[in-house]
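Trainee: mind looking at a prediction? Sequence and model below.
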Amino acid sequence: MAQTKKVTKKPSSTKRAVDWNEALRPLLKKYRGRKHPLAYQNAYQLIVMIVLSARSSDAIVNNQAPALFAAYPDFNALSKAEPEALYPLIKGPGYRHKAEYIIGIAKDVAATGVIPEDIDRLTQWKGFGRKSANVYMSQMGLKAEGIIVDLHTLRVSPRLGIALSDDPKKMEAELMERIDRKQWHQAGMALTFLGRETCRPTDPHCDECLMNPVCGFYKKKKK
Ligand code: SF4
């Protein structure tokens, strides 16, 4: 007797999960090769400028940097500086702490003769958290160990629906789960640029946004 095959129907209401690697493709393409807004010339300058950019803006740091680097051109010179001598050069929020942080980093590099290349060592520096380390590693083309999460990422990711936590560490873990490791650096920068240029805090430019086909915020807005 011929056997009949039982066919199980998939429920029609099943929601398809977004493949974020696929969905981010246009964004990665748009920002591939885009220069970081901090105008650094080498690893030393980048590290110092990343520290100075906390609670400040890239434009302000770019403005301050030439005088600072003229006076202290490398880690060795900076390691011998007194914090007070830096104050007039790095004016702005948290300048006293920042002076200590950059001198501390400079002393470490001057003593060891090497700039660390992994996130564990980089984040041992005071004033250099995971975001800073991820920016540095991404710009230097080092092997990715995490994804940049800054204020822009914290706003853009929940709108998109790619990561929902409001805690930077948890959000980074969510992003790392959803994005292939080979894209971590690029995706981190692309999400940041999206927030800077398009997904603005009060007036996101949704209609011209490349991500609107997959964006949860946009779908709700259009209902
Ligand atoms: S569609 Fe709108 S809310 Fe969504 S990522 Fe783009 S700008 Fe932001």
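Mentor: Arrived safely, thanks for sending.
Trainee: for E174, see how far away V214 is.
Mentor: Separation of V214 from E174 (CB to CB, to the nearest Å): 16 Å. C-betas here are computed from N, CA, C, even on glycine.
Trainee: sorry, that was for D108
Mentor: 32 Å.
Trainee: E145 too?
Mentor: 16 Å.
Trainee: on the pLDDT front, check A17 for me.
Mentor: A17 carries a pLDDT value of 88.
Trainee: revised request: answer the last question for K107.
Mentor: Note for K107: predicted pLDDT of 98.
Trainee: secondary structure class for it?
Mentor: helix (DSSP: H, G, I helix; E, B strand; the rest coil).
Trainee: repeat that for I102.
Mentor: Under three-state DSSP, I102 comes out as helix.
Trainee: for it, what are its contacts?
Mentor: I47, V48, V51, L52, L78, L86, G127 (CB atoms under 8 Å, 6 or more residues apart in numbering).
Trainee: do the same with I103
Mentor: L78, S79, A81, P83, L86.
Trainee: quick check: residues of this protein near the ligand?
Mentor: Contact residues (CB under 6 Å from any ligand atom) of the chain with the ligand: 156, 159-160, 198-199, 204-206, 209, 211-212, 215, 217-218.
Trainee: could I have the buried ones of those as PyMOL selection syntax?
Mentor: One line in PyMOL is enough to select the buried members of the residues of the chain next to the ligand, burial here meaning 16 or more other CB atoms under 10 Å:
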select buried, resi 156+159+160+198+199+204+206+209+211+212+215+217+218
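Trainee: from the residues of the chain next to the ligand, which is closest to V18?
Mentor: L160 (8.7 Å; CB to CB).
Trainee: what's the spacing between the closest one and K182?
Mentor: 20 Å.
Trainee: pLDDT score assigned to M1?
Mentor: So M1 comes in at 45 (pLDDT).
Trainee: same thing with K222?
Mentor: pLDDT, K222: 87.
Trainee: go on, V7?
Mentor: 47.
Trainee: report the residue spans of the chain with pLDDT below the cut-off.
Mentor: Scanning the chain with the threshold set as pLDDT under 70 gives 1-16.
Trainee: before we move on, what SS does the most centrally placed residue in the chain have?
Mentor: Among the residues of the chain, the one closest to the centroid is I148, at 2.7 Å (CA atoms, centre = their mean). Recorded secondary structure, I148: coil (three-state DSSP).
Trainee: quick one: residues contacting it.
Mentor: Going by CB under 8 Å, 6+ apart, the list of residues near I148 reads K131, N134, V135, S138, H185, G188, M189, L191, T192.
Trainee: residues near the fifth one, how many?
Mentor: Neighbour count of H185, defined by other CB atoms under 10 Å: 23.
Trainee: so who does the closest residue to it other than its chain neighbours touch?
Mentor: Closest residue in space to H185, ignoring its immediate chain neighbours: S138 at 3.9 Å, by CB to CB, 6 or more residues apart in numbering. Residues near S138 by CB under 8 Å, 6+ apart: A144, I148, H185, Q186, G188, M189.
Trainee: quick one, phi psi at the third one?
Mentor: Main-chain torsions, H185, degrees, to the nearest 10: phi -60, psi -50.
Trainee: distance to I115 added to the contacts of S138, as TSV?
Mentor: Output for the contacts of S138, formatted as TSV (distance: CB to CB, whole Å):
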residue	distance to I115
A144	17
I148	19
H185	17
Q186	22
G188	20
M189	20
